[in-house]
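S.K.: Quick one, what's the 3D model for this:
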Amino acid sequence: MEKNKKNKISQAINLMEELSWLLDNKKNISLKDSVSLLKEMVDNESFNHGSLLSSKVKRSNKRVLVGILPELLQDEELFKSTSEMLDFADNVLKLKVSRASKRSRNEYIGWIVCELSNLNDNQMISFVDSLEEIAGNDFKLKQIKEAKKQPNFSWNETISKLGRL
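M.R.: Predicted structure coming up:
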């Protein structure tokens with residue numbers, strides 16, 4: 001089979017897999033009701049000024065961050081040691097963590113979550129979207145775990161490829 005055709009088939013399979021996962025996980029959301037709600041919000045004057053949406057987005061992203069990040073950082077298959085978790089915080093999250101303090105894994109997780117909750121809105125949205133991509137997709141999480149087994153593993157390279165997994 002031609003390489004280009006094989007790539008397109010592989011991409012279609014990935015799309016179907018992600019779409020089926022999304023539909024399975026969002027069974028309690030009615031698309032019809034969501035559209036009606038959004039139309040109603042657009043007609044509402046306070047929505048048009050953006051204040052309602054921006055405050056809800058800020059709170060929502062912080063809640064997502066607090067929920068997803070600890071779950072991801074506690075995954076001992078993904079982060080076999082505290083040192084691996086701190087490498088992730090340093091290289092991907094751009095947090096300078098003092099390793100001299102010799103904290104427990106849970107203390108480091110708490111520190112990382114608190115530091116990231118101080119991000120500005122754009123950083124928060126981007127970061128939360130990336131975390132949801134990783135933690136919310138078993139297939140991508142499995143791919144990352146497999147990539148970590150490679151001798152030249154790089155978090156930055158793996159994260160940049162995330163959209164193509």
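S.K.: Now do the SS call for Lys80.
M.R.: coil (DSSP: H, G, I helix; E, B strand; the rest coil).
S.K.: and it, what are its phi and psi?
M.R.: phi -70, psi -30 (degrees, to the nearest 10).
S.K.: Now do it against Phe153, distance only.
M.R.: Distance from Lys80 to Phe153, counting by Cβ to Cβ, to the nearest Å: 12 Å. Backbone N, C-alpha and C define where each C-beta goes, glycine included.
S.K.: between those two, who's got more neighbours?
M.R.: When Lys80 and Phe153 are compared for neighbours, Phe153 comes out ahead with 14 against 11, by other Cβ atoms under 10 Å.
S.K.: any idea which element that one lies in?
M.R.: According to DSSP states H and E, Phe153 maps onto no helix or strand at all.
S.K.: Kindly report the same for Pro70.
M.R.: helix 51-73.
S.K.: Just list what the helix or strand following that helix packs against, helices and strands only.
M.R.: Sequence-wise, the next helix or strand downstream of helix 51-73 (DSSP H and E) is helix 82-91. Here helix 82-91 touches helix 105-116, helix 155-161, going by 3 or more Cβ pairs under 8 Å, 6 or more residues apart in numbering; DSSP states H and E.
S.K.: what's the angle from the helix or strand following the first one to helix 105-116?
M.R.: In the C-terminal direction, the helix or strand that comes right after helix 105-116 (DSSP H and E) is helix 121-135. For helix 121-135 and helix 105-116, the angle between their directions (axes from the mean of the first three to the mean of the last three Cα atoms, to 10 degrees) works out to 140 degrees.
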